[in-house]
Structures are given as structure tokens and as C-alpha cells.
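> Take this sequence and fold it.
(2 chains)
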Amino acid sequence: MKILVCVKQVPAATSAVSVKDGRVIVDARGNKPYSMNRLDENAVEEAVRIKAARPGVVVDAITVGPPRAVDVVKRAIGMGADNGIHVTLKEGAGAGPGETASLIAAVAAGNYDLIIAGAMSEDEGNCRVGQEVAEILDIPCASFAVSVDIREGNKLYVEREITGSTRECLTMTMPGLITVQAGINRPGYPSLSNVLRAERTAIRVIAAQELAGRCGEIRESIFNAELPDSNTDTLTLEGTAEEKAVKLLKILKEKHLL
Amino acid sequence: MRNILVAGEQYDGAVSRATFELAAFGLDVAKRTGARVAVALAGNRAEEAAAEISVATGCDAVAVNIHDKRAAGGDRFKAALARLCGEMKTSLIIAAHNPAGLDFAPGLAVMLGASCVTGVDGVRAREGGTGFLRTAYNGKVRLEVFPDTDTTVVTVQPGVFAPSFENAGNPGEVTVKEYTGITERVQYEELKRADVGVSNLENADIIVAAGRGIGKEENLELVERFARCFGKSAVAGSRPMIDAGWMKHGRQVGLTGATVAPGLYVACGISGSSQHQAGMKDSKFIVAINSDPDAAIFKIADVRIVEDVLSFMKTFIEVSGAEKYTDN
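Now for the predicted structure:
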């Protein structure tokens, strides 16, 4: 059985995000300025869990991104994936969800029984790539999966989260694609032996331009970026933590909220 | 713009609130472009639901018979919508930004060669078309997306567009469509309901909510002590608390949890994603504590405290004198 997991490198949640000339500027900072998108960790974990439960499963991890994105492919291997694929974009060039899906589908072609993606990314949060990859490949798709089980006859049983307290239960025949929501599993940490293996594993590199002939047109573009309106009445408390606590207490008492 | 189609949701004859919001959004876009708006509904008693929404909004409505047990969305609905769009010469399809709508909307866009914009929370009329606004980077940035195709599929954020209708009482055209020969590749089994634990959030006048910033499950005890400084308060959490298993779903505030509007909402270590804000933005007084000075929660806070949330809570407990915090 062959599984493809889609992983994305995103700026750390603590990154400063600003807007200049209508474009988004991300100042990725800290000792770990970039990391694997959280839901993609869940996706890798699910693939590795499926692999551990039965013989003959091979897990490939794929990313679409600039040169630095190779780190998330390595992390996926560190978490237990077998192989890595890096579709490279030029440094500074981004790819929207439509384009990303096209590229992944071009590489995946008909080669996988199951494709797993995170339901959405932490940075742009479009919630589109998985569903679009499935549509391009003409395979069934179930998004926001919180439980997955492989059954007899090449079937996948999926529970999708509809609301926090309701789940839709579905089955589909593979090849198929699922996108995973938080709560499906607790991602494990890379093991030392897998991290070492990740360093030794040759990652297949494909430049995005090489796939251009197999990709659809770009269908929408970001026209402008801006900062959201802020509530100019926000009062920022100043001073030491203790001074702020005292001030907060005073404000709440004055407002009869305490 | 030619026509606008709303992909609605209805449960046994009752149209969902989200669908009314989508219809209002569609009518707003239609005002500027002169398009007609129709709402498509599938499932059991769809005809009744179609009549209901047509009277309530003045939109046209189409009851689509697709012989599907699913409550909303799904494989067959997507295929039926694609056919309907072709027949009705639709240029804008509107679905809800939730797991039901998102399951089919992006795939539908690919099927139609249409542009796709998800999580829409605003529109802007531009020369040459309509820009669709969405929020990204955990609420920190607004992006305006412009379609490069004639047809667009959007998913719209629930809770943003108010369901009010000038033409209520003047029903539009209601039709029934039958689609056969649609292959279903995802079989619906059932809908399961989970144990959500007790929820007293909707009645609480003071809510202290914890988010990822509290770090570890053990720190919830500190949050409870902090909450006690406020007298009768309820402790809630943002989605990550529930996903990590630290709190039961009944305590979640946000789009997939409870919507609350207490007199006081204290957000501790919560970044303030759109999904969380959707559940608490109408709170009367919002105090936010976060070590990230740019956290999106601060945009809607009345009081902004940039501090490490754990040490601030300890300090506040000491200062308020409500309880002495002792190290054992």
C-alpha cells in the first residue's frame, strides 16, 4: 500500500506579520523560525500509524516550497515516513492553494492508494489543497477527518467532524484522499534513528517549472493585503506585571465587573 | 455577473441559519451587479425548505432531488451543483465556510475551472469585478482576492453577514430538479453525536478562557484559581484545549463550540483566530493577556495586557488578595 502525505512549511506562530505596499511581510523569527504546519504533523502521524499496523506500507512525504522547505520533508521522515519529495519553488515565490494542488496532483498521478493532507494551514488557512488534489485526480475525498480506519476490500472508513459534537461517518473505496483535523491523533516526536535516516535519505527534488505542462491555470490572485481594522479604544496596560494587575483590578472594580 | 447560486443546508425541512446568511451575502453582491440569486437545497423535505427560504428572503429556490441520505453537502450535492451551474449560467456559487461546505466547494471550483476564495468575510467592488476579502495569519492580516475566471466559488464565514431581507414575504421562483446517474464515491453511513460534557457557558456572566498560551495541562489548575478571583465565573477554552483533551467540548468557545456574550471575557494565552473570535466577539468587556504583542485577540480587546500569561495570572491572584498562592 502506498501513502502520500502532504506537508507544508509555515512560519512560526510567533512571527511578526505586517503589510507593506499591499503585500504580506512575514518576519519569521526565533530559534525555530519555520516549522511543519500543525495539522500536517497529524497527517504524518496518521500515515505512520497506518504503516505500523500492517505490512507492506510505504509512506512518501511531499512538500511544495522554496529550498528551506526541505526541512519539513526531513521532519516527516524523522517521524517515520519512508521517502521524501520536494517540489521546489524559487526563493521568494509563493504558490497559492490552486497551484499547490496542481503540482501535488501532477506528482502523485495514479501512484498512491491513499493521500493524506492537513485540513488547513496555519498561515493562509485556505482549507483547499486536499480537496482540489482529489478532484484533479478524480478520487473520492473526505475532509476534516477525526478518525480513519482501513477495512476489507480496500475500503476506508472515515469519521468527519461536522460540529464539535457531531461526526459524519462515511466509507469510500481507495484510491482516496483525506484531510485531517486536530484531534485525530497526537503527533509523535521524531525518533533519533529516523532523524539520522532522514539525513541519509535522498529526497527527490522536482522544480515546479518542470511540471508546468501538467498543471492547470492559476484561477485567482491576491490583489491586496491590509491590516484588519482595530478597535482604537483598546487600552494597553503599561508598567510591571504587578502594576498591570493592580490597574486591571481597579478597572474591573470601577466597572462593577468584580 | 450572470447568476448567483447559494449552496444551502437544510435538515428535515428546516433551513440552517448559515444558509440565510449566505443568501443575505448573495443578495448584497447581486445589488451591485443585477444578478438573480437562487438557493439550492437537497435532502429530505428539501421542497418544503426551498419554499421556506424563498418566502423569507425573496430569492429563487431549487429543491434538488439527489437521493442522498446526507444532511448537507457531499459528493452527489457537488455533482448536482455543477450541473445546476451549467443550466443556470451561474457565475458565483456561495457555500458556508464550515466542514459541510468546505467538503465540496474547492472540488466544485476545480470541476468548473472556477476561481475559489474561502473564508470570505467581506467584499469590495472593484473596476472589473468583485474582490473577496478573507483573514489570514491567525487573524493578523486581511487579504483581498480577485478572481481570474468568469466563475467563482466562495465559502463565507458564518456570523459575518446579517440575515436581513428587504424582499421577505415576496417569494421568488421555486423549482424542483431531479438528477440521476450521479456516481456516489463516498457512502454516507450515519451521523454520530458525542458526549460534550456539561456546558454552562451560555449563561455565565464572567468567562475566563484559556488557550494554547497556557502551555501545559497542569497549568489549568492555575487558570481555575485565577478564575476564582472573579467570583462566579465559568472556565472555558479555545479549540486547542479540547483537541489536546484538556477540556471537554462543552467548554469550547468558538465557531465549532459555543457562542457567548458575557459581561466580562478574560482571554488567557489565546491568539484570537477568526474561529475563536466568532464565538466571543460580542462579549461586553474583553480583557486579553498574551505574550505576543501582535496577537489578533488584541484587535477586539478592551484591555490589552502583553505579559507571560502564567506569571500574570499568579501576580493577579496575589494582588487581588482573593487567594494567597503558595508554593508547596
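> how about the helices in the stretch 51-200 of chain B?
For the stretch 51-200 of chain B, the helices defined by DSSP state H, counting those that start in this stretch occupy B:75-88, B:99-112.
> Give the other helices and strands that the last one contacts.
This points to helix B:99-112. helix A:129-137, strand A:141-151, strand A:155-163, strand B:3-7, helix B:75-88, strand B:90-96, strand B:115-126, strand B:152-156 (3 or more Cβ pairs under 8 Å, 6 or more residues apart in numbering or on different chains; DSSP states H and E). For glycine as for every other residue, the C-beta is placed from the backbone atoms N, C-alpha and C.
> which of the ones you listed sits most buried?
Highest mean neighbour count of the helices and strands packed on helix B:99-112: strand B:152-156, a mean of 29 (counted as mean count of other Cβ atoms under 10 Å in any protein chain shown).
> Burial check on the residue lying closest to A:Gly118 once chain neighbours are set aside, number of neighbours?
The spatially closest residue to A:Gly118, leaving aside those adjacent along the chain, is A:Leu39, at 3.0 Å (Cβ to Cβ, 6 or more residues apart in numbering or on different chains). Look at A:Leu39: counted by other Cβ atoms under 10 Å in any protein chain shown, it has 21 neighbours.
> And for B:Pro293?
B:Pro293: 10 neighbours (other Cβ under 10 Å).
> Just to check, it is in contact with B:Val306?
Yes. With contacts counted by Cβ atoms under 8 Å, B:Pro293 reaches B:Val306, the gap being 4.9 Å.
> And for stretch A:117-125, what's in contact with it?
A:5-8, A:10-11, A:13, A:26, A:37-43, A:97, A:126-127, A:129-130, A:133, A:143-145, A:177-181, B:119, B:136-138, B:143 (Cβ atoms under 8 Å, 6 or more residues apart in numbering or on different chains).
> Equivalent analysis for stretch A:215-227, please.
In contact with stretch A:215-227 (Cβ under 8 Å, 6+ apart) are residues A:18-19, A:22-24, A:96, A:98-99, A:102-103, A:106, A:136, B:109-110, B:113-117, B:126, B:131, B:140-149, B:152.
> same thing with stretch B:192-209?
Residues outside stretch B:192-209 that contact it (Cβ under 8 Å, 6+ apart): A:159, A:164-167, A:169, A:257, B:223, B:226-227, B:230-238, B:248-251, B:253, B:258-260, B:262-268, B:270, B:280, B:283.
> Those residues in helices, which ones?
B:Val223, B:Phe226, B:Ala227, B:Met280 (DSSP state H).
> From A:Gln181, how far off is the last one?
Think B:Met280. 21 Å (Cβ to Cβ, to the nearest Å).
> Give the PyMOL command for selecting the buried subset of the contacts of stretch A:215-227.
Selecting only the buried entries of the contacts of stretch A:215-227 in PyMOL, with 16 or more other Cβ atoms under 10 Å in any protein chain shown as the criterion:
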select buried, (chain A and resi 19+24+96+98+99+102+103+106+136) or (chain B and resi 109+110+114+115+116+117+131+140+141+142+143+144+145+146+147+149+152)
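> Am I right that A:Asn111 is in a helix?
No. Counting by DSSP: H, G, I helix; E, B strand; the rest coil, A:Asn111 is not part of a helix but coil.
> mean confidence score for the longest helix along chain A?
Longest helix in chain A, counting residues (DSSP H): helix A:38-53. Computed over helix A:38-53, the mean pLDDT rounds to 97.
> List the contacts of the most centrally placed residue in chain B.
In chain B, the centroid-proximal residue (Cα atoms, centre = their mean) is B:Pro158; its distance is 3.6 Å. For B:Pro158, the contact set (Cβ under 8 Å, 6+ apart) comprises B:Arg17, B:Ala18, B:Glu21, B:Ala96, B:His97, B:Asn98, B:Leu255, B:Ala278.
> Tell me how far B:Glu190 lies from chain A.
5 Å (Cβ to the nearest Cβ, to the nearest Å).
> Quick check: closest non-adjacent residue to that residue.
B:Glu190 sits nearest to A:Cys169 (Cβ to Cβ, 6+ apart), 5.0 Å away.
> Hmm, the one you found is touching B:Val186, no?
No. Taking contacts as Cβ under 8 Å, A:Cys169 lies outside contact range of B:Val186: 10.9 Å.
> Count the residues that sit near residue 50.
No chain was given, so I picked chain A. A:Ile50 has 19 neighbours, counted by other Cβ under 10 Å.
> you looked at the wrong chain, it should be chain B
Neighbour number of B:Ala50 under other Cβ under 10 Å is 29.
> part of a helix, is it?
Yes. B:Ala50: assigned to a helix according to three-state DSSP.
> ok, it - contacts?
Contacts for B:Ala50 were tallied using Cβ under 8 Å, 6+ apart; they are B:Val39, B:Leu41, B:Ala61, B:Val62, B:Ala63, B:Val174, B:Val176.
> For residue 165, which residues are in contact?
No chain was given, so I picked chain A. When contacts are counted by Cβ under 8 Å, 6+ apart, A:Ser165 touches B:Arg193, B:Ala194, B:Val196, B:His249.
> Chain B, not that one
Neighbour list for B:Phe165: B:Ala23, B:Ala24, B:Leu27, B:Ala56, B:Thr57, B:Gly58 [criterion: Cβ under 8 Å, 6+ apart].
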